[in-house]
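> Predicted coordinates and the sequence they were generated for:
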Amino acid sequence: MKQTTVEMIRAHVVTASVAATAIDVAVVSLLFFCKFPESMFETASFRVLTFTLLLAAVLATRHAAHIAFRAAIRRRHARFVGPREDAVCVSSLCPARRLVILHLHFTGMPYVPVNRTGW
């Protein structure tokens, strides 16, 4: 597999695992603090709901990262570099730098660290 493909898969899996952790914290909170029965979380409808929440979290994160990337390009915190201008360099002063880099990982665009470009 190509390195960019591995990074794309990894970005999606890490995002989904963070969302799953948040869902798990919510379920444990409902079990202990609100005294919901455990059998409620063993149903097929709960599994479908959990899958839907995971999918929504990944899509929402992708959307937020895309918006941050467009804003970084517009405000010149990110720019295309390289001979074919296919890689992206993100300024260390970019306020949403991590989201912009996450967008690059989601889409498989090559990312060039700032210290290599001198920017």
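Right, received. Where do you want to start?
> out of everything not next to it in sequence, what's closest to residue 4?
Take residue 4 and drop its neighbours on the chain: the residue closest to it by C-beta to C-beta, 6 or more residues apart in numbering is residue 108, 4.2 Å away. For glycine as for every other residue, the C-beta is placed from the backbone atoms N, C-alpha and C.
> so that neighbour makes contact with residue 7?
Yes. Using C-beta atoms under 8 Å, residue 108 is in contact with residue 7, at 6.9 Å.
> The two: which is more packed in?
residue 7 (18 against 15; other C-beta atoms under 10 Å).
> Is that one part of a helix or strand, or is it coil?
Under the three-state scheme (DSSP: H, G, I helix; E, B strand; the rest coil), residue 7 adopts helix.
> how about the residue nearest to it when sequence neighbours are not counted, what does it touch?
Of all residues not flanking residue 7 in the chain, residue 105 sits nearest, at 4.9 Å (C-beta to C-beta, 6+ apart). Residue 105 makes contact with 7-8, 10-11, 111 under the criterion C-beta atoms under 8 Å, 6 or more residues apart in numbering.
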